[in-house]
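> Following is a predicted model, sequence given first.
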Amino acid sequence: MKRRTPLIIALVAGTAAASAMVAVTGPATAAPPDPAAAAALAAVKADALVASRPSVLQAGSRETFQRQQVIQSSGLNYVPFERAYNGLPVRGGDFVVVTDAAGRTKYTSVAQSSPIGELSTVAKLSATAAATIAKDQLKTVKSVEGTNLVVLAEEGKAAALAWETTVNGTGADGVSRLTVEVDAATGKVLRTTEHVTGAAGTGTGWVNGSVAIDTTQSGSSFLLQDPSHTTIRCQDAANNTTFSGTDNVWGNGTGTNRETGCVDAFYVAQQQYAMLSSWLGRTGQNGSGGAWPIRVGLNDRNAFYDGTQVQIGKNTAGNWLTAADVVGHELGHGVDDFTPGSTSQSGTREFVADTFGAATEWYINNPNDAPDYEVGEEVNLVGNGPIRYMYDPSLAGDSNCYSSSIPGSEVHAAAGPGNHWFYLLAEGTTPTNGQPASTRCSGSGAITGVGIQNAIKIMYNAMLIKTSSSSYQKYRTWTLTAAKSLFPSSCTEFNTVKAAWDAVSVPAQSADPTCGTTTPPTDPPTGTPCTGTNATDVSIPDAGSAVTSGITITGCARAASSASTIAVDIVHTYRGDLRVDLVAPDGTVYNLKATSTSDSADNVNTTYTKDLSSETADGAWQLRVQDVFSQDVGNINSWTLTV
């Protein structure tokens, strides 16, 4: 059995390098056909570079390197590595190899500027003693994450064996998560690393109560501004100045206090940011990692978003309108504005924002503002309770059902049918989680909800195909399309979207997609060729770029079979080296065989079965093969595709 080159690469001693950032030119290689292939090629080329022990790595004979996940951006591949010395992690020994799309190495960036040399890995100090020293670096300690031996190789300093401990608690500047490296021979603290960035403050809102918020430290004072996403900040509407203080403790729980209102609003904005990332994969309210300033102090019974800011007014009692569903709603207008087609039209904009308000409230799940489907129940705008009821809009005088008069209605009243639809989609007609029952406007039968997270995911993905001509009818089509795309192997979500629109009387549209209503034939019509063979040899380069062999299918005029077969005959002296993919005419990649470091047998001579029913049978198909390890070569002998 031949030995494979593993991801952990042992290096022999190298010489000192003049610079830790080195530009390198590699041999020309044909660009791979897709990002996944580019990443795989980058990993292979980086491994080869590391194995050649360039002096820039400062590598000694006792060191190994572990390649991390390839990161891609703007056509470049960034291949990070971590270092180990006699099996111990080296802090400060990391580096990155950067390649272009063709696998050519552009440069390396190395943290370490001098060799580690010979170093004992036997500690004189015990782990318990080191942990005690680490805990002494904080005022109070809540927990200790663990203590492990490492090699500390800081820039410009001699390498040292150290105990590494991470402690959680309170430091001089507040909440702390601190990693402490203690010399394993002397007990001296060699380095500390604080993981809490910006500042961790606490606040007391009149709606949400006592909450933790991430603020920004500026000298000896603090700002109600997110330390990582600086466009999320809360200001006094009187002068548009971000609230600041010296103790990082905010608000007094009084609803008429502007700073208190900002505690609630700022907390909601940060939590919504997290919800967008966690549930929807969106980076910030504006999609680019940011949002807009929130300004508390509007002298009006209203709150609004205008493309540059969110203004927060007050209720009839003078309390600021800063509940999760209200602030989440206004920021939801921003999400709507910053998706294709901009702000939704024809009576749909307020229900769109209400869905984000509801999702934000459910994500936060604060017991002081328990999640529900009532809008503004906590702020009590005019003393009559909620502003809107998503499960029964008629309770606030709005329509539960769609009609031709809805698009011309007052924009908030026009939200009724959309809110009703969203509730039925999320919770159904008879929820089992304590939420109220909801009735249909038309049709019959119970509806079982898909849950708030799936509901907002469908809504958001519909907004990504939104145009400036948005309407209730088009949102029906867009949400059906989104559900079909998001859940390709199930019609449950699609059918629930459809049933909910039917229930609120938004009629079916000619553009509505279908799901599972027809089954394409799995066998071709008599005499129609739906199989092909390519017997032309294609050489597979050793540890090189992917190669392809094509088959063009014509005359089928139908979808491919759910039991399509791919018969492969590949000659190779170590088949574990090979990754084999089928590439459909639309570019979709179906993996047939993964690589393996232990499969040392010769050749790939087998038939794979794949469900290709989502593909059109006719078109140019490709068998793609890549040898990702060195030492062996081979060729594609022939293959046959039957769809």
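Noted; the coordinates are in hand.

> For the rest of this, base every contact and every neighbour count on C-alpha atoms.
Will do.

> Now do the helices in the stretch 351-500 of the chain.
Assigned by DSSP state H, counting those that start in this stretch, the stretch 351-500 of the chain shows helices spanning 416-427, 452-463, 472-486, 492-503.

> Between those helices, which one is closest to residue 188.
Residue 188 sits nearest to helix 452-463 of all those, at 49.6 Å, using Cα to Cα.

> Can I get the helices of the stretch 351-500 of the chain in TSV including distance to residue 189 and mean neighbour count?
Below are the helices of the stretch 351-500 of the chain laid out as TSV (distance: least, Cα to Cα, whole Å; neighbours: other Cα atoms under 10 Å):
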stretch	distance to residue 189	mean neighbour count
helix 416-427	54	29
helix 452-463	46	22
helix 472-486	51	22
helix 492-503	56	24
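
> closest one to residue 331 among these?
Ranking the helices of the stretch 351-500 of the chain by proximity to residue 331 (Cα to Cα) places helix 452-463 first, at 13.8 Å.

> and residue 82, what does it touch?
Neighbouring residues of residue 82 by Cα atoms under 8 Å, 6 or more residues apart in numbering: 65-68, 89-90, 93-95.

> could you check the distance from it over to residue 60?
Using Cα to Cα, to the nearest Å, residue 82 is found at 14 Å from residue 60.

> do the same with residue 428
64 Å.

> re the thing from before, check pLDDT for the contacts of residue 82 and point me to the minimum.
Lowest in pLDDT among the contacts of residue 82 is residue 94, which has 77.

> circling back to that earlier point, who's more crowded, residue 428 and residue 60?
Neighbour comparison, residue 428 and residue 60: the larger count goes to residue 428, with 27 against 19 (by other Cα atoms under 10 Å).

> if we can go back for a sec, show me which pair in the contacts of residue 82 is furthest apart.
Using Cα to Cα, the contacts of residue 82 span at most 14.6 Å, a distance reached by 68 and 90.

> between these two, which one's more packed in?
A count of neighbours by other Cα under 10 Å puts residue 90 above the other of residue 68 and residue 90, at 26 against 14.

> and the more buried one, that's in a helix?
No: counting by DSSP: H, G, I helix; E, B strand; the rest coil, residue 90 is not part of a helix but strand.

> can you list contacts of stretch 111-125?
Stretch 111-125 is touched from outside by 16-17, 19-20, 56-60, 86, 92-95, 153-156, 158-162, 184-187, with contacts defined as Cα under 8 Å, 6+ apart.

> what comes up buried for it?
The neighbour-count check on stretch 111-125 (16 or more other Cα atoms under 10 Å) flags 111-116, 121, 125 as buried.

> can you check stretch 435-447 too?
Across stretch 435-447, burial judged by 16+ other Cα under 10 Å covers 435-436, 438-441, 447.

> Report the distance from it to the chain centre.
How far stretch 435-447 lies from its chain's middle: 34 Å, per Cα atoms, centre = their mean, to the nearest Å.

> out of the helices of the stretch 351-500 of the chain, nearest to residue 41?
Among the helices of the stretch 351-500 of the chain, the nearest to residue 41 by Cα to Cα is helix 472-486 (29.9 Å).

> How much space separates the spatially most central residue of the chain from residue 288?
Central residue of the chain (Cα atoms, centre = their mean): residue 281, 4.2 Å from the mean position. Separation of residue 281 from residue 288 (Cα to Cα): 12 Å.

> residues near residue 542, how many?
Neighbours of residue 542 under the rule other Cα under 10 Å: 17.

> give me every residue that touches it.
With contact set as Cα under 8 Å, 6+ apart, residue 542 has these partners: 627-633.

> Report the secondary structure state of it.
coil.

> before we move on, what about residue 333?
Put simply, residue 333 is helix when judged by three-state DSSP.

> Let the chain start at 36 from now.
Renumbered: residue one is now 36, and that last one reads residue 368.

> As CSV, the contacts of residue 117 with distance to residue 282 would be great.
Converted to CSV, the contacts of residue 117 look like this (distance: Cα to Cα, whole Å):
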residue, distance to residue 282
100, 45
101, 44
102, 44
103, 41
124, 39
125, 38
128, 38
129, 38
130, 40
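
> List the ones among these that fall in strands.
100-102, 124-125, 130 (DSSP state E).

> give me phi/psi at residue 201?
phi -110, psi 120 (degrees, to the nearest 10).

> Model confidence score at it, please.
You'll see residue 201 listed with a pLDDT of 92.

> measure it to residue 222 for me?
Per Cα to Cα, residue 201 is found 16 Å from residue 222.

> okay, the two: which has more neighbours?
Each of residue 201 and residue 222 had its neighbours counted (other Cα under 10 Å), and the higher figure belongs to residue 201 (22 against 18).

> Could you pull up the contacting residues of the more buried one?
So residue 201 contacts 169, 179-182, 212-215 (Cα under 8 Å, 6+ apart).

> Confidence-wise, which of those comes last?
Ranked by pLDDT, these bottom out at residue 212, which has 76.

> Now that residue: which helix or strand?
Using DSSP states H and E, residue 212 sits within strand 209-218.

> what's the answer for residue 81, then?
Residue 81 is part of helix 70-86 when elements are defined by DSSP H and E.

> Return the set of buried residues in that helix.
Going by neighbour count (16+ other Cα under 10 Å), the buried part of helix 70-86 is 72-86.

> Can you tell me which of the residues you listed is closest to residue 257?
When the buried residues of helix 70-86 are compared for distance to residue 257 (Cα to Cα), residue 74 wins out at 42.4 Å.

> show me the contacts for the spatially closest residue to that closest one that is not a sequence neighbour.
Ranked by Cα to Cα, 6 or more residues apart in numbering and with sequence neighbours excluded, the top spatial neighbour of residue 74 is residue 105, at 6.1 Å. Going by Cα under 8 Å, 6+ apart, residue 105 touches 74, 77-78, 112-115.

> pLDDT check: weakest of those residues?
For the contacts of residue 105, the least confident position by pLDDT is residue 113, scoring 70.

> before we move on, what SS does that residue have?
At residue 113, secondary structure determined by three-state DSSP is strand.

> pretty sure it is touching residue 132, no?
Yes: here residue 113 reaches residue 132: they are 6.0 Å apart, a contact under Cα atoms under 8 Å.

> In this protein, where is pLDDT below threshold?
36-68, 107-111, 141-142, 144, 208-210, 229-237, 503, 552-564 (pLDDT under 70).

> Leaving out the residues flanking it, which one is nearest to residue 588?
residue 653 (4.8 Å).

> quick one, what contacts residue 614?
By Cα under 8 Å, 6+ apart, residue 614 lies in contact with 626-630, 660-663.

> List the ones among the residues you listed that fall in helices.
Judged by DSSP state H, helices contain none of these.

> Most neighbours out of the residues you listed, which is it?
For these, the largest neighbour count, defined by other Cα under 10 Å, is 28 neighbours, found at residue 662.

> gap between the two ends of stretch 364-380?
End-to-end distance of stretch 364-380 (Cα to Cα): 16 Å.

> Give me the buried positions along that stretch.
So, applying 16+ other Cα under 10 Å, buried residues of stretch 364-380: 364-374, 376-380.

> Pick the one among those residues closest to residue 226.
When the buried residues of stretch 364-380 are compared for distance to residue 226 (Cα to Cα), residue 366 wins out at 41.6 Å.
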